[in-house]
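okay, here's the prediction I keep looking at, along with the sequence it came from:
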Protein chains: 2
Amino acid sequence: MTDVLVAGGGIGGLSAAYALATAGYSVRLLERSAEFGEVGAGLQLAPNATRILREWGLLDEIAQAGVLPRRLVLADAVSGDELVHAELTGEFKKRYHAPYVVVHRSDLHRILVEACRRAGVTLETGRTVERVDSTEDTAFTYCADGSVFESQIAVAADGLTSKLRRAVADDEPICSGYVAYRGAVPAEEASTAMPLDDVVAWIGPRCHLVQYGLRRGELVNRVAVFASPAYERGETDWGGPDELEEAFAGCGEHVRRSLSSLWRDRRWPMYDRIPVENWVSGRLVLTGDAAHPMLQYLAQGACQAIEDAHTLAAEAVKGEDWGTALAAFNSSRASRTARVQRTARTWGDIWHVDGVGRLLRNELMTSLAEVYRHTDWLYA
Amino acid sequence: MTDVLVAGGGIGGLSAAYALATAGYSVRLLERSAEFGEVGAGLQLAPNATRILREWGLLDEIAQAGVLPRRLVLADAVSGDELVHAELTGEFKKRYHAPYVVVHRSDLHRILVEACRRAGVTLETGRTVERVDSTEDTAFTYCADGSVFESQIAVAADGLTSKLRRAVADDEPICSGYVAYRGAVPAEEASTAMPLDDVVAWIGPRCHLVQYGLRRGELVNRVAVFASPAYERGETDWGGPDELEEAFAGCGEHVRRSLSSLWRDRRWPMYDRIPVENWVSGRLVLTGDAAHPMLQYLAQGACQAIEDAHTLAAEAVKGEDWGTALAAFNSSRASRTARVQRTARTWGDIWHVDGVGRLLRNELMTSLAEVYRHTDWLYA
């Protein structure tokens, strides 16, 4: 019997497995896909996550695969004007004791898989976890192929559509009506308007575009997000590529031109859930998107999953019984992640506001003298 | 033949008549009502107007009839929290070389009527001006009763629904869908929440309430403004008292309670017009609301009419021909009043914004360090 079973081999599951394995626990991780891998493009790691990755000895490799951006920039998508920026080097790095890093999602994932292997995690693919039952001191994990695994605890890292979440909450993901298109193209093919070591978000009425460099600046990563008119009309097929150009028609030239570099064969409708207080059922505990799926506007999905892993391992090594450790983990994480979930929603509203609200936002942002006031709670 | 005929005996017409009469011109003013008088309650006079009224020798009497408020306050109508204020004494008065005064509309009107009489203006009531024709050097003013008056120039001060404006523009007043209710009650009967020497606007989603003291603080003046749901539904009878309570249902207690002091038998639907560049046709010139009707959100309707009167007299006494004087007046006033008209609309949008726009506005206003940045263009 292993100490820990982790259900789900995404960034959250791998982080939890790695943190617990390096803390001295035996860990088995089950991934339902036939191979480990990540679909997607860029991913942002703020100091609250890179501080942990450095402690885990993984930051150098991640930073080498990615880019350490110079600035976070918010610009108006309609006028193209810069509204406000945060310098990510110098004062920022000193204040938060860690860098801001952007990295290809597949690079981070690969580094975590290799780290888990080195740490002795048993990694299994092709295992779809269906259910976890608990006795007083054992978690029984049931897979779709009939296999059953015993462990002291089971960690649900099965993402937004988590099946294991049913043990603690009878809820469903909440659709935002927004959809994301992504793309990463060689830098030499792209007109970028801004340096590739800037993370830029052009924010506009009901739409935005994020751009930054990946792989040492060789790739331009872009994410375009918009509110689907078809969704608003109540149609079930919504957010298709037919809506993409029109959604950005009122934006400036660079934003409109950038749409051509996006993949059209894949899209990401945006969901979250209402925060729940309890993530524990017997010997099962939720982490990452299974526990607190969030809209992407603070770029904290992966960061919060990494914080989860770090806290879970820290509570475990205190040496109390697992029940105490899971309760302490739950208690210390739920209020913080709920705040991130709620703030991400509000931040999205602020990005996408139209009319006089947009004028007020732009005036407010251009007059912001003290940017740290808005990031200390999250990054410090 | 008098030098000047003024069509309209409101605050704008009386101001023009007074300014031109004291500049040495013979002036006849025609008012369509049987008696001079003003319907309404309080009226705000910012330094750009009081500076002129002082030059005219009328400010002391006006200030004695009114109140010199201590502060202009913007508060959130929902929470009741103060957002930002401007001190109107001390630095403000020094900066703008004149005080901020609030006065009962009928007191200001009476003082202007008496001033016109003293200045030798011929004041006639019961004369409805229908049309002005011009020859090269004479204006012929035709009244509904068949009378015709000759003058060197005719000043159209016939307000929002100006008939004389037709000579220069083929337009109509534009309805904002907002309606105002007013009321002035004895101070001892009212719970005011704020001192009566504060001019307070509680601003909220699609509604606001303004409150200040009148008559040396003996009266509480209130104006409640809201967007009519019936207007939005396209109904012709809209903005009635049946809509009043519901429009403020989401507001804090003081705002809701204050509605009981409003007159229900009279209301003011809010209109403006798109700015036009030309106010002159032959020997006819538009002033005040006839030239540039505006929404009330900057409280500048009377102030801009007073500025008109001052500038018109100043251009006249330069001694050029009347054509040159009218053109110079038009040119110097039209761009400024157009800015006030446009800014008043935007200011209304800012006051009435809902959702995340309201959060942004409140954050922006509470963080405003330099209030003069927003008033210099208007008051200086």
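Received the coordinates, thanks. Note that the coordinates shown come from a computational prediction; the quantities given were computed from them, not determined experimentally.

every contact and neighbour count from this point should use C-alpha atoms.
Will do.

in the stretch 101-250 of chain A, which residue sits closest to chain B?
Proximity of the stretch 101-250 of chain A to chain B (C-alpha to the nearest C-alpha) peaks at A:Pro205, 12.2 Å away.

where does the prediction get shaky in chain A?
Scanning chain A with the threshold set as pLDDT under 70 gives A:369-374.

quick one: name the residues of it near chain B.
Counting by C-alpha under 8 Å from any C-alpha of the partner chain, chain A comes close to chain B at A:346, A:349-350, A:353, A:356-358, A:360-361, A:363-364.

count of residues packed around the residue of the stretch 101-250 of chain A closest to chain B?
23 (other C-alpha atoms under 10 Å in any protein chain shown).

what of the one 4 residues further on?
Residue crowding around A:Leu209 was assessed by other C-alpha under 10 Å; the count is 26.

for A:Val78, give me its contacts.
Listed by C-alpha atoms under 8 Å, 6 or more residues apart in numbering or on different chains, the contact set of A:Val78 reads A:203-204, A:250-252.

what about 10 Å?
Counting by C-alpha atoms under 10 Å, 6 or more residues apart in numbering or on different chains, A:Val78 touches A:202-205, A:208, A:248-256.

and what about it, helix, strand or coil?
Here A:Val78 takes the coil state, with states given by DSSP: H, G, I helix; E, B strand; the rest coil.

follow-up on the earlier one: just the buried members of the residues of chain A next to chain B?
Buried by 16 or more other C-alpha atoms under 10 Å in any protein chain shown: A:346, A:349-350, A:353, A:356-358, A:360-361, A:364, out of the residues of chain A next to chain B.

got the contact list for the residue of the stretch 101-250 of chain A closest to chain B?
Taking C-alpha under 10 Å, 6+ apart, we find A:Pro205 in contact with A:76-78, A:226-227, A:247-248, A:250-251, A:349-355, A:357-358.

in strands only, show me these.
A:76, A:226-227 (DSSP state E).

closest to B:Gly8 out of these?
A:Asp76 (47.3 Å; C-alpha to C-alpha).

can you pull out the helices in chain A?
A:11-22, A:47-55, A:59-65, A:91-96, A:105-118, A:229-232, A:244-247, A:253-258, A:288-291, A:301-316, A:322-352, A:355-366, A:372-379 (DSSP state H).

got TSV for the ones you listed, with distance to B:Ala63 too?
As requested, those are exported to TSV (distance: least, C-alpha to C-alpha, whole Å):
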stretch	distance to B:Ala63
helix A:11-22	70
helix A:47-55	60
helix A:59-65	69
helix A:91-96	54
helix A:105-118	69
helix A:229-232	56
helix A:244-247	55
helix A:253-258	55
helix A:288-291	65
helix A:301-316	61
helix A:322-352	44
helix A:355-366	35
helix A:372-379	45
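
for B:Asp197, which of these is the nearest?
So among the helices of chain A, helix A:355-366 is nearest, using C-alpha to C-alpha, at 29.0 Å.

turn the ones in strands among the contacts of A:Pro205 into JSON lines, including neighbour count.
Output for these, formatted as JSON lines (neighbours: other C-alpha atoms under 10 Å in any protein chain shown):
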{"residue": "A:Asp76", "neighbour count": "22"}
{"residue": "A:Phe226", "neighbour count": "25"}
{"residue": "A:Ala227", "neighbour count": "24"}
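
centre of the chain to stretch A:284-297, how far?
9 Å (C-alpha atoms, centre = their mean, to the nearest Å).

for stretch A:194-210, same thing?
That offset, for stretch A:194-210, works out to 18 Å (C-alpha atoms, centre = their mean).

and that stretch, what's buried?
A:196-210.

so A:Arg131 touches A:Arg166, yeah?
Yes. Contact status for A:Arg131 versus A:Arg166: in contact at 9.1 Å, counting by C-alpha atoms under 10 Å.

so the two - more neighbours on which side?
Neighbours per residue (other C-alpha under 10 Å) separate A:Arg131 from A:Arg166, with A:Arg131 holding more: 19 against 13.

how far away is the closest residue in space to A:Ala291 that isn't next to it in sequence from B:Leu219?
Setting aside the residues directly before and after it, A:Ala291 is nearest to A:Trp279 in space (C-alpha to C-alpha, 6 or more residues apart in numbering or on different chains), at 6.4 Å. Using C-alpha to C-alpha, to the nearest Å, one obtains 60 Å as the distance from A:Trp279 to B:Leu219.

what residues are up against the closest residue to chain B within chain A?
Nearest residue of chain A to chain B: A:Gly357, at 4.2 Å (C-alpha to the nearest C-alpha). The contact partners of A:Gly357, by C-alpha under 10 Å, 6+ apart, come to A:205, A:350, A:363, B:349-350, B:353-361.

follow-up on the earlier one: for the residue of the stretch 101-250 of chain A closest to chain B, give me phi and psi.
phi -60, psi 110 (degrees, to the nearest 10).

circling back: A:Trp279 and B:Leu219: which is more packed in?
Neighbour count, other C-alpha under 10 Å: between A:Trp279 and B:Leu219, A:Trp279 has more, with 24 against 21.

can you give me the strands for the stretch 151-300 of chain A?
With DSSP state E, counting those that start in this stretch as the criterion, the stretch 151-300 of chain A has strands at A:174-186, A:198-204, A:207-214, A:219-227, A:268-272, A:280-281, A:284-286.

let's have those in TSV, adding distance to A:Leu368.
Listed next are these as TSV, based on distance: least, C-alpha to C-alpha, whole Å:
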stretch	distance to A:Leu368
strand A:174-186	28
strand A:198-204	17
strand A:207-214	21
strand A:219-227	25
strand A:268-272	29
strand A:280-281	41
strand A:284-286	38
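
among the ones you listed, which is nearest A:Ala98?
Of all the strands of the stretch 151-300 of chain A, strand A:198-204 comes closest under C-alpha to C-alpha, at 16.9 Å.

that closest one packs against which elements?
Judged by 3 or more C-alpha pairs under 10 Å, 6 or more residues apart in numbering or on different chains; DSSP states H and E, the packing partners of strand A:198-204 are strand A:71-76, strand A:82-87, strand A:207-214, strand A:219-227, helix A:253-258, helix A:322-352.

please work out which of the ones you listed is packed deepest.
Mean neighbour count (mean count of other C-alpha atoms under 10 Å in any protein chain shown) peaks for strand A:207-214 among those, with a mean of 26.

parallel or antiparallel, list what pairs with it.
Strand A:207-214 has its sheet partners listed here by DSSP bridges as strand A:198-204 (antiparallel), strand A:219-227 (antiparallel).

endpoints of stretch A:27-39, how far apart?
25 Å.

same deal with stretch A:344-359?
The first and final residues of stretch A:344-359 sit 21 Å from each other (C-alpha to C-alpha).

got the contact list for the residue lying closest to A:Gly239 once chain neighbours are set aside?
Leaving aside its sequence neighbours, A:Gly239 sits nearest to A:Ser228 (C-alpha to C-alpha, 6+ apart; 5.0 Å). With contact set as C-alpha under 10 Å, 6+ apart, A:Ser228 has these partners: A:176-179, A:206-207, A:235, A:238-240, A:243-244, A:247, A:269.
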